[in-house]
Structure formats: structure tokens, C-alpha cells
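A.B. asks: I would like to see how this sequence folds:
(one chain, ligands or ions: 1)
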Amino acid sequence: MEFTKTPGWLDWYTGPSKPRFQLPAGAVDAHCHVFGPGDKFPYAPERKYTPCDASKEQLFALRDHLGFDKNVIVQATCHGSDNRALVDALKASNGKAKGVATVNRNVTDAELQEMHAAGVRGTRFNFVKRLADFTPREVLLEIANRIAPLGWHVVIYFEAVDLPELYDFFTALPTTVVVDHMGRPDVSKPVTGPEFGLFLKMMREHSNIWSKVSCPERLSVSGPKALNGEQHAYQDVVPFAKHLVETFPDRVLWGTDWPHPNLKDHMPDDGLLVDYIPQIAPTAELQRKLLVDNPTRLYWS
Ligand SMILES: O=C(O)c1cc(C(=O)O)oc(=O)c1
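C.D. replies: Residues are numbered from 1 along each chain as shown. Sure thing, here's the model as predicted:
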């Protein structure tokens with residue numbers, strides 16, 4: 001099938017730099033995606049955007065170039081609940097990738113078992129309105145109760161303004177819960193303010209809730225951008241991510257978010273995104289927890 005990219009689509013950055021920051025041995029890129037290729041794994045009819053292709057081979061080449069050991073591949077909304085591209089990538093990874101799928105209530109136990117065997121360890125619930133249609137809470141809870149016995153967790157993606165309304169649902173989930181991209185804080189507001197304060201309270205009071213401290217390139221208002229050798233990118237996001245890493249060192253994950261769906265402003269150099277990490281995890285111990293220990297515990301044990 002032939003697909004036409006969403007107008008204005010930015011393709012991922014080719015020829016990323018070699019990071020100056022040397023990743024610790026066993027580091028995991030714990031949030032990245034594969035897109036298609038569309039002629040083999042068609043994009044879902046209900047998708048909200050049509051991306052460029054981003055294959056498993058290209059993802060694994062990036063992993064090796066940046067110095068990561070493994071990947072956690074997260075089902076992208078452009079594939080809906082058709083997890084074939086994800087499962088194909090997991091099976092081709094020689095044990096070097098685990099996955100987070102998107103399932104609906106019609107998924108069978110046999111399908112869940114098959115995904116588990118391929119390396120899926122979580123399911124993703126999306127509350128970002130521009131990306132996914134609304135699913136009733138009772139359906140999501142039903143899915144969470146189905147996947148819990150497999151030892152899977154739930155990944156949630158939402159915007160900070162929606163947290164007050166979603167708070168009770170999130171904190172009642174029966175599994176480990178991993179928040180994508182810090183719950184998308186408005187970084188022009190203070191890190192000590194009430195909006196991020198609610199997110200911090202949720203993490204403080206619920207030890208099953210984890211956060212990915214990823215996507216500064218999405219959240220930053222001030223920049224500077226991770227381009228042209230910039231070693232101090234996305235200054236305005238640093239206090240938010242650093243606070244989470246230092247306060248909850250055993251419940252944070254980091255990922256590139258390659259191939260960076262729906263960026264409108266610029267496409268970062270992934271090598272420089274890796275160079276952003278020591279700004280938010282300033283010690284070797286914090287870096288090891290963020291990049292090695294935490295993702296290994298959640299996905300490989
Ligand atoms: O902010 C986004 O547009 C976005 C989209 C997706 C997806 O479409 O799955 O995943 C992400 O992690 C981020």
C-alpha cells in the first residue's frame with residue numbers, strides 16, 4: 001500500500017553525531033518506535049498521522065551507533081492496535097529489544113501469550129487527544145486486569161493539564177504504571193508550581209508509578225536545540241527531568257523517542273540528545289540506574 005506523509009512531516013535526522021557522553025555498558029534506549037515500513041506493515045486506518053517509514057534495521061543501526069545495548073520499542077499510535085511491526089522488530093532483535101503494545105478488549109489470551117513470547121511487557125494507554133480516540137475507563141481497566149497476570153505494566157501518555165481529571169484512574173491501576181515524557185509538563189511554569197507538583201505528589205504517594213524523563217525536544221520552549229554540536233540543549237526542561245531523576249532514582253527511564261513523531265519545529269541530532277543525559281543525571285550512579293538498572297529490572301528480569 002502507498003502512503004502519503006502528513007503535510008509538514010519532519011523525517012528523522014540522518015547521520016547523527018557520535019555522542020560525547022559515553023553510555024554505561026548495558027544501556028537501554030527505553031522509548032523508541034518503528035514505523036512500518038508501510039508497504040509491509042500498513043498504518044492503521046484510524047491513525048491521526050501518517051509518518052515516514054522507520055524500520056527495525058534503521059532503529060538497530062541507531063542503537064549501535066549511539067552505544068546503546070538494547071531497546072524498548074513502544075507501539076506508535078499510527079499503527080493502532082495492530083502490533084505486527086512491533087512484534088516483527090522484537091523477534092528480529094536477538095533478545096535485544098522488549099516491547100510495549102497497544103491492545104483492545106477483543107485481544108485473545110492466545111494473542112497476549114504470543115506477544116509475551118516475542119518480548120512484549122506492557123500495554124500503552126493514550127490520553128493525548130491529537131493522537132488517539134477516547135476509550136472508556138472501564139474498558140482500559142478491563143485490559144489492565146487482563147495483562148496484570150502476565151507481569152506486564154501499563155504505559156500512560158497524557159498532557160499535564162489533564163492530570164487532575166485522570167489522577168484517580170491512574171492511581172487505581174493494578175500494575176506498575178510508567179508515564180511517558182514526564183506527563184508533558186508545561187516547562188514555562190515553575191518546577192515548584194502546582195501543575196508539576198501534582199505529578200510529583202502522584203509519584204511520591206504511589207511507589208508503583210514510574211516516569212520516563214524523555215522528550216526534552218518536544219517539551220522545550222527556550223531550546224537551545226540539539227543541533228550543530230550543542231552540548232547544553234533544552235535548558236528549560238533540565239530542572240524538571242533532573243528533579244525526577246534525583247528524587248526517584250529507581251523509577252525513572254530514558255529513551256530517545258526516535259524517530260520522533262509529530263515534531264513540528266526541528267528534528268534533533270540523536271547523538272546530541274544522548275549528550276543531554278548528564279545534565280539530568282549528573283553522577284555515574286544516577287546514570288547507571290536511569291540507563292541500565294531500572295530498564296533491565298522492568299523489562300529483562
Ligand atoms: O507526542 C507525540 O506526538 C508522540 C506520538 C507517539 C505515537 O504516536 O505513538 O508517541 C510518542 O511517544 C509521542
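A.B. asks: Just the element for residue 204, please.
C.D. replies: Per DSSP states H and E, residue 204 falls inside helix 194-205.
A.B. asks: tell me the mean pLDDT for that helix?
C.D. replies: For helix 194-205, mean pLDDT is 98.
A.B. asks: can you check stretch 19-38 too?
C.D. replies: The pLDDT scores in stretch 19-38 average 98.
A.B. asks: Repeat that for stretch 262-281.
C.D. replies: For stretch 262-281, the per-residue pLDDT averages 98.
A.B. asks: Export it to CSV, keeping only CA atoms.
C.D. replies: Written as CSV, here are the backbone C-alpha positions of stretch 262-281 (Å, rounded to 0.1, in the frame of the first residue of the first chain):
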residue,chain,number,x,y,z
ASN,A,262,5.0,14.8,15.0
LEU,A,263,7.8,17.2,15.8
LYS,A,264,6.9,20.5,14.1
ASP,A,265,9.8,22.8,14.9
HIS,A,266,13.0,20.8,14.3
MET,A,267,14.4,17.3,14.3
PRO,A,268,17.1,16.7,16.8
ASP,A,269,20.5,15.1,16.3
ASP,A,270,20.1,11.9,18.3
GLY,A,271,23.8,11.9,19.3
LEU,A,272,23.3,15.3,20.9
LEU,A,273,20.2,14.0,22.6
VAL,A,274,22.4,11.4,24.3
ASP,A,275,24.7,14.3,25.3
TYR,A,276,21.7,15.8,27.1
ILE,A,277,21.6,12.9,29.6
PRO,A,278,24.4,14.1,32.0
GLN,A,279,22.6,17.4,32.5
ILE,A,280,19.7,15.5,34.1
ALA,A,281,21.6,12.6,35.7
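A.B. asks: Buried residues, that stretch. List them.
C.D. replies: Using 16 or more other Cβ atoms under 10 Å as the test for burial, stretch 262-281 gives 262-263, 267-277, 279-281. For glycine as for every other residue, the C-beta is placed from the backbone atoms N, C-alpha and C.
A.B. asks: try stretch 194-214
C.D. replies: For stretch 194-214, by 16+ other Cβ under 10 Å, it's 195-196, 199-200, 202-203, 206, 209-214.
A.B. asks: can you check stretch 21-40 too?
C.D. replies: Under 16+ other Cβ under 10 Å, the buried positions of stretch 21-40 are 21, 23-24, 27-38.
A.B. asks: residues touching the residue nearest to residue 104 when sequence neighbours are not counted, list them.
C.D. replies: Closest residue to residue 104 apart from its sequence neighbours, by Cβ to Cβ, 6 or more residues apart in numbering: residue 81 at 4.8 Å. The contact partners of residue 81, taken as Cβ atoms under 8 Å, 6 or more residues apart in numbering, are 44, 75, 101-104, 107.
A.B. asks: about what we covered before: just checking, what packs against the helix holding residue 204?
C.D. replies: Helices and strands touching helix 194-205, by 3 or more Cβ pairs under 8 Å, 6 or more residues apart in numbering; DSSP states H and E, are helix 163-171, strand 209-212, helix 238-247.
A.B. asks: Ok, which of those comes nearest the ligand?
C.D. replies: For the ligand, the closest of the helices and strands packed on helix 194-205 is strand 209-212, at 8.8 Å, according to Cβ to the nearest ligand atom.
A.B. asks: Provide the strand pairings for the closest one, with the direction of each partner.
C.D. replies: Each strand paired with strand 209-212, and its direction, by DSSP bridges: strand 177-179 (parallel), strand 252-253 (parallel).
A.B. asks: Please list all residues in contact with residue 252.
C.D. replies: 210-213, 244-245, 289-290, 294.
A.B. asks: For the ligand, tell me which of the buried residues of stretch 262-281 show up nearby.
C.D. replies: Among the buried residues of stretch 262-281, the residues that sit close to the ligand (Cβ under 6 Å from any ligand atom) are residue 262.
A.B. asks: neighbours of residue 4, just the number please.
C.D. replies: Per other Cβ atoms under 10 Å, the neighbour tally for residue 4 reads 8.
A.B. asks: Isn't it up against residue 50?
C.D. replies: Yes - contact criterion Cβ atoms under 8 Å: residue 4 and residue 50 qualify, at 6.4 Å.
A.B. asks: Report how many residues lie close to residue 142.
C.D. replies: Close neighbours of residue 142, defined as other Cβ under 10 Å, add up to 11.
A.B. asks: Please read the previous query as pertaining to residue 239.
C.D. replies: Close neighbours of residue 239, defined as other Cβ under 10 Å, add up to 16.
A.B. asks: And for residue 103?
C.D. replies: Neighbour count for residue 103, taken as other Cβ under 10 Å: 20.
A.B. asks: Next up, the contacts around the nearest residue in space to residue 280 that is not next to it in sequence.
C.D. replies: Distance criterion Cβ to Cβ, 6+ apart; nearest residue to residue 280, sequence neighbours excluded, is residue 241 at 4.0 Å. By Cβ under 8 Å, 6+ apart, residue 241 lies in contact with 182, 213, 216, 280.
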